[in-house]
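everything below, folded, please.
(one chain, ligands or ions: 1)
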Amino acid sequence: MQLTLISKADLTPTVKSYTFEPESELNFEPGQFVMLKQVGAEQKFARAFSIVSEKNSSNIVFIMKHNPEGHVSGFLATAEIGSKIETGSPVGRFVLNPSDTDRVFVATGTGLAPIVSFFNSKNIDTAPHTTLFGVRNEDDIFWADRLPENSLITLSQPSDSWPGLRGRVTAHTEKIISAHPHAAWYLCGNPEMVSEVRAQLIAAGVDKTAIHFEIY
Ligand SMILES: Cc1cc2nc3c(=O)[nH]c(=O)nc-3n(C[C@H](O)[C@H](O)[C@H](O)COP(=O)(O)OP(=O)(O)OC[C@H]3O[C@@H](n4cnc5c(N)ncnc54)[C@H](O)[C@@H]3O)c2cc1C
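All right, here's what the predicted structure looks like:
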C-alpha cells in the first residue's frame with residue numbers, strides 16, 4: 001500500500017515526525033510496526049518503523065531518527081509534501097497484554113513511538129502505568145507533554161542545570177522494580193538498553209513472560 005506524506009516536523013535536532021494519509025485503512029494494533037520503502041525500491045531497502053498513531057486513526061504517524069544517508073529517513077527528510085512511500089502490512093508482537101494489572105514502559109530515543117501509540121489509543125486506561133524515558137540531553141527530549149504526569153525522564157549527559165533524573169535508564173530501573181513488583185514491562189529502544197534492562201529484571205526475579213520488548 002502507498003502512503004502520502006501530508007506533514008512533517010522536527011521534534012529535536014535528530015528526530016523528525018512524519019504524518020501520512022494511507023490509500024485505504026491500515027489495520028494495526030498499537031505497538032506494531034511496518035516495513036517502509038521508497039516506491040518501487042527493492043525489498044532489501046525496506047526499513048522497520050513503529051506506528052505512533054492511535055488505533056483506527058485515519059492518518060499514520062512515524063517518528064524517525066534522522067540519518068541523511070538513510071534509505072527511508074534520509075529520503076523523507078527532503079521529500080516534498082504529497083510524496084509517496086510504500087508500506088507493508090502492520091506486524092509485530094509488541095502489543096499490550098490486556099490481563100496486565102500494572103505496567104512499566106521503558107523507552108530510549110525513538111523507542112517512545114509504540115508507547116505513545118499505546119497512550120494515544122487510550123486502551124491502557126485499564127491498568128496503572130509508569131513510564132521511564134531516556135535520552136542523552138535536554139535537546140533530545142520530545143513529546144514530554146504526551147507522557148502521563150507521573151513519567152520519569154532521565155538524561156545520560158545533561159547540562160549542569162538539569163533538575164531531573166540523571167544517568168541511563170538502567171540507573172533507575174531497580175527502584176521501579178521494587179515499587180512495581182507485579183508489573184508487566186514493555187521495553188523499546190536500542191539493543192544495549194533492552195538487553196541490560198531485561199537482565200536487571202530477570203536478576204530481580206521478574207518472570208520472563210512479563211517482559212515484552214522491541215529492539216531497534
Ligand atoms: C521493529 C522495529 C521498529 C523500529 N521502529 C523505529 C521507529 O519508529 N523509529 C526509528 O527511528 N527507528 C526505528 N527502528 C530502527 C530503524 O528501522 C533502523 O534504524 C533503520 O535502519 C532506519 O532506516 P533509515 O532509513 O534511517 O536508514 P538506513 O537506510 O538503514 O541507513 C542507516 C545507515 O546505514 C548506512 N547504510 C545503509 N545501507 C547500507 C549498506 N548496504 N552498506 C553500508 N551502509 C549502509 C546508511 O548510509 C546510513 O548511514 C525500528 C527497528 C525495528 C526492528
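
low-confidence ranges, the chain, go.
123-125 (pLDDT under 70).

so where do the strands sit in it?
Along the chain, the segments classed as strands by DSSP state E run 2-10, 15-22, 33-38, 47-50, 60-65, 84-87, 103-108, 129-135, 152-155, 165-166, 184-189, 211-215.

and the ones you listed as JSON lines, adding distance to Ile202?
Just so you know, the C-beta spots here come from the backbone N, C-alpha and C atoms, and that holds for glycine as well. Formatted as JSON lines, those follow (distance: least, CB to CB, whole Å):
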{"stretch": "strand 2-10", "distance to Ile202": "38"}
{"stretch": "strand 15-22", "distance to Ile202": "30"}
{"stretch": "strand 33-38", "distance to Ile202": "25"}
{"stretch": "strand 47-50", "distance to Ile202": "24"}
{"stretch": "strand 60-65", "distance to Ile202": "28"}
{"stretch": "strand 84-87", "distance to Ile202": "35"}
{"stretch": "strand 103-108", "distance to Ile202": "14"}
{"stretch": "strand 129-135", "distance to Ile202": "17"}
{"stretch": "strand 152-155", "distance to Ile202": "21"}
{"stretch": "strand 165-166", "distance to Ile202": "23"}
{"stretch": "strand 184-189", "distance to Ile202": "11"}
{"stretch": "strand 211-215", "distance to Ile202": "7"}
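
which one of those lies closest to Ser117?
Ser117 sits nearest to strand 47-50 of all those, at 7.0 Å, using CB to CB.

sheet partners, orientation included, of the closest one?
strand 33-38 (antiparallel) (DSSP bridges).

got the buried residues for the strand it pairs with?
33-38 (16 or more other CB atoms under 10 Å).

between it and strand 15-22, how many degrees?
90 degrees (axes from the mean of the first three to the mean of the last three CA atoms, to 10 degrees).
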